[in-house]
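Trainee: Provided below for reference: sequence and predicted model.
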Amino acid sequence: DAGVTQSPTHLIKTRGQQVTLRCSPKSGHDTVSWYQQALGQGPQFIFQYYEEEERQRGNFPDRFSGHQFPNYSSELNVNALLLGDSALYLCASSYSPRDTEAFFGQGTRLTVV
Amino acid sequence: TQLLEQSPQFLSIQEGENLTVYCNSSSVFSSLQWYRQEPGEGPVLLVTVVTGGEVKKLKRLTFQFGDARKDSSLHITAAQPGDTGLYLCAGLFSGTYKYIFGTGTRLKVLA
């Protein structure tokens, strides 16, 4: 079992650009959640996808959007990047939206310059 | 706003010492998880507690969920350098399906 895999592992973008991050959930999981973790902070919930729809959303602007594919993999898109978007972006998967246990990927380190 | 406060924020101890990390909220959790995260990695789930008063043990780690399900603690006995990392609690509040993370406790165990 490959667990939750994210790509790329590191990324450097320029302010104003757009970025797409990818996540493949753990085998058997159909729910994917995305988190942003700034340096020295705990992860902040961005949104959750289930059945290819956004089910819940945290306090993030519309510049943050996502998608879930029929194979349950997911993408996180961020438009008009700001310096403050620099962070570790984590993907977590679970068996269902109600599942109490989530498994995290290793994250994508995004640096905006 | 549902907040989770963790204390202490930083802890540096000698190998063999015991320590306790706390996670508190003014709201009731339907469940709570503890994670450990190492630099450049995603959080790794240690335990999930669901029932008020529940105690779970994982080798030298003891996790306790408060009776009112508003707080939790993580106790490490005879800490080892391999315990070094960022310990995060994450609470699932009733009526929601998103975990709220605490700010974390950064533990360093010196050999």
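Mentor: Here it is on my side, so go on.
Trainee: List the contacts of the most centrally placed residue in chain A.
Mentor: With distances taken as Cα atoms, centre = their mean, residue A:34 lies nearest the centre of chain A, 3.2 Å away. By Cβ atoms under 8 Å, 6 or more residues apart in numbering or on different chains, the residues touching residue A:34 are A:23, A:45, A:46, A:47, A:48, A:66, A:74, A:76, A:89, A:90, A:91, A:92. For glycine as for every other residue, the C-beta is placed from the backbone atoms N, C-alpha and C.
Trainee: isn't the last one right up against residue A:101?
Mentor: Read that as residue A:92. No: at 9.7 Å, residue A:92 does not count as touching residue A:101 under the criterion of Cβ atoms under 8 Å.
Trainee: Show me which of those two is the more surrounded one.
Mentor: More crowded of residue A:92 and residue A:101, by other Cβ atoms under 10 Å in any protein chain shown: residue A:92, with 27 against 12.
Trainee: Spell out which helix or strand contains the more buried one, please.
Mentor: strand A:87-94 (DSSP states H and E).
Trainee: Residue numbers of chain B in contact with chain A?
Mentor: Residues of chain B found near chain A (Cβ under 8 Å from any Cβ of the partner chain) are B:4, B:6, B:30-31, B:33, B:35, B:40-45, B:48, B:50, B:88, B:90, B:92, B:96-104.
Trainee: Can you give me the distance of residue A:55 to residue A:5?
Mentor: 22 Å (Cβ to Cβ, to the nearest Å).
Trainee: ditto for residue B:4
Mentor: The separation that residue B:4 has from residue A:5, given Cβ to Cβ, amounts to 28 Å.
Trainee: Which neighbours in the sheet does the helix or strand bottoming out on mean pLDDT in chain B have, and how are they oriented?
Mentor: Within chain B, no helix or strand scores below strand B:99-101, which has a mean of 87 by mean pLDDT, DSSP states H and E. Strand pairing for strand B:99-101, using DSSP bridges, gives strand B:85-93 (antiparallel).
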